[in-house]
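Participant: Predicted model and sequence follow; I will ask about them next.
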Amino acid sequence: MEKLWHKKISELSETYDWVERMKTVHQSPVHHAEGNVAIHTQMVLDALETDELYHKLPEREQQIVWIAALFHDVEKYSTTIINEGGEIVSPGHAKRGAHMTRKILFTDFDIDFKTRESIVFLVRYHGLPLWITEKQNPQKMLLEAAMHTPMHLLAMLARADVNGRICNDKEMLLEKVAFFEAYCKEQNVWSGCFPFETDAAKFYYFNNDNESVPEYLPYEKYGSEVVVMSGLPGMGKDFYIQKHYKDRPVICLDDIRKEMKAKPTDKTATGRAVQAAKELAKTYLRRRERFVWNATNITGQMRMQLVGLLKDYDAHVTIVYIEMPYRVWRSQNKQRTASLPDSVLDKMLHKLEVPLQKEADIVTYIV
């Protein structure tokens, strides 16, 4: 992280194109009269440096919030438009920015998984302190964010985001950040994530209607115990299964495709393989037997559809996400008998969405 930390935008732009292009992104003169994204980002970094609370943080937390500030508007480049009212807006830049931040930090920097993901989710939620009262379910959004990144760092980033701009409503925005801090403390997430009493309580709260409350304890029905693997090809899912779950039957999409003599790029054949896998899973689920579902499952939509099926049969679901360092991963892929082209790996990496804690009863990260 030292390659980025406490560096000026002007210096970083000489090395990184994703910094250089910030200079080309215009912003609303009402909300960002200071100018383009590069100017704003430097002002945010400067605001952090003058925050007394920032200097009281441990060095690792200083690095996390500082690098998150550097990346927080990185995807305004791809999302900025002029809307029908003639305003410059950047819808979705936080979510897309989080995705890009993960990809850049994974491929280009030697940053441990936990630190990287804290940065990623600070980018993802950096606007939450300013807009939480406008969310359909503020509590649920807050508790989701608190499971993935520290709220005191999110509030600090939001405060710097406000102080690092020129606008007429700065005092109102700072009041919103102050409210967010108070709300975090009221909801018991200022110093960590909400203490759900059971795995089932957590899953129920995040995956049921908006009327659910985090304290609710649902009646637990006991079906199959299912492990759902998640990770890019070549990350070591098969090895992990052999080491930890060799006593369980494994539903492996790759094996089913091979039995069908189908190529991984054949979408029709893949659809048939998935359907065959689901029918086999239903057999285990009806018997309440433990098993492992082994596939890449790299997007939230893929996992949601699968977990939905498993939950229809009252299964207890554990998602195990596997990851190894970028260079090790690419090197090992070349040594595999069935190695994949770099272009295929790049395409899959671009789609990767690390599982969220709300997606299953238990979500484990093996890195």
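Facilitator: It's in. Numbering: from 1, shown residues only.

Participant: And the pLDDT at the nearest residue to residue 188 once chain neighbours are set aside?
Facilitator: Distances taken as Cβ to Cβ, 6 or more residues apart in numbering place residue 194 nearest to residue 188, at 6.1 Å, with adjacent residues excluded. Every residue, glycine included, has its C-beta placed from N, CA and C. The model reports residue 194 with a pLDDT of 96.

Participant: what about the residue nearest to residue 284 when sequence neighbours are not counted, distance to residue 214?
Facilitator: Excluding its sequence neighbours, the residue lying closest to residue 284 (Cβ to Cβ, 6+ apart) is residue 291, at 4.6 Å. Computed with Cβ to Cβ, to the nearest Å, the distance linking residue 291 and residue 214 is 30 Å.

Participant: Equivalent analysis for residue 137, please.
Facilitator: Residue 137 sits 11 Å away from residue 214, taking Cβ to Cβ as the criterion.

Participant: So these two - more neighbours on which side?
Facilitator: Taking residue 137 and residue 214 together and counting by other Cβ atoms under 10 Å, residue 214 has the greater number of neighbours (19 against 13).

Participant: Tell me who's in contact with the more buried one.
Facilitator: With contact set as Cβ atoms under 8 Å, 6 or more residues apart in numbering, residue 214 has these partners: 139, 143, 194, 196, 201, 205.

Participant: hang on, it is in a strand, isn't it?
Facilitator: No - assignment of residue 214 by DSSP: H, G, I helix; E, B strand; the rest coil gives coil, placing it outside any strand.

Participant: mind checking how far it is from residue 188?
Facilitator: Shown here: residue 214 relative to residue 188, a distance of 9 Å by Cβ to Cβ.

Participant: Now do the shared contacts for these two.
Facilitator: Any residue near both residue 214 and residue 188 by Cβ under 8 Å, 6+ apart counts here, and that gives residue 194.

Participant: so what's the residue lying closest to residue 87 once chain neighbours are set aside up against?
Facilitator: Setting aside the residues directly before and after it, residue 87 is nearest to residue 28 in space (Cβ to Cβ, 6+ apart), at 6.0 Å. Residues touching residue 28, when contacts are defined by Cβ under 8 Å, 6+ apart, comprise 87-89.

Participant: neighbours around the residue nearest to residue 284, how many?
Facilitator: Taking other Cβ under 10 Å as the criterion, the count of residues near residue 291 is 21.

Participant: Show me the helices in the stretch 1-150 of the chain, by range?
Facilitator: Listed in chain order, the helices found in the stretch 1-150 of the chain under DSSP state H, counting those that start in this stretch are 9-12, 17-20, 37-49, 52-56, 59-71, 76-79, 93-108, 113-124, 128-131, 138-146.

Participant: Go through those helices and name the closest to residue 348.
Facilitator: Nearest of the helices of the stretch 1-150 of the chain to residue 348, taken as Cβ to Cβ: helix 93-108 at 11.4 Å.

Participant: Report the buried residues of that closest one.
Facilitator: Neighbour-count burial for helix 93-108, counted by 16 or more other Cβ atoms under 10 Å, picks out 93-94, 96-106.

Participant: residue ranges of the strands in the stretch 101-250 of the chain, please?
Facilitator: Under the criterion DSSP state E, counting those that start in this stretch, strands of the stretch 101-250 of the chain are mapped to 225-230, 250-252.

Participant: Buried deepest among those strands, which one?
Facilitator: When you average the neighbours per residue for each of the strands of the stretch 101-250 of the chain (mean count of other Cβ atoms under 10 Å), strand 225-230 leads with a mean of 25.
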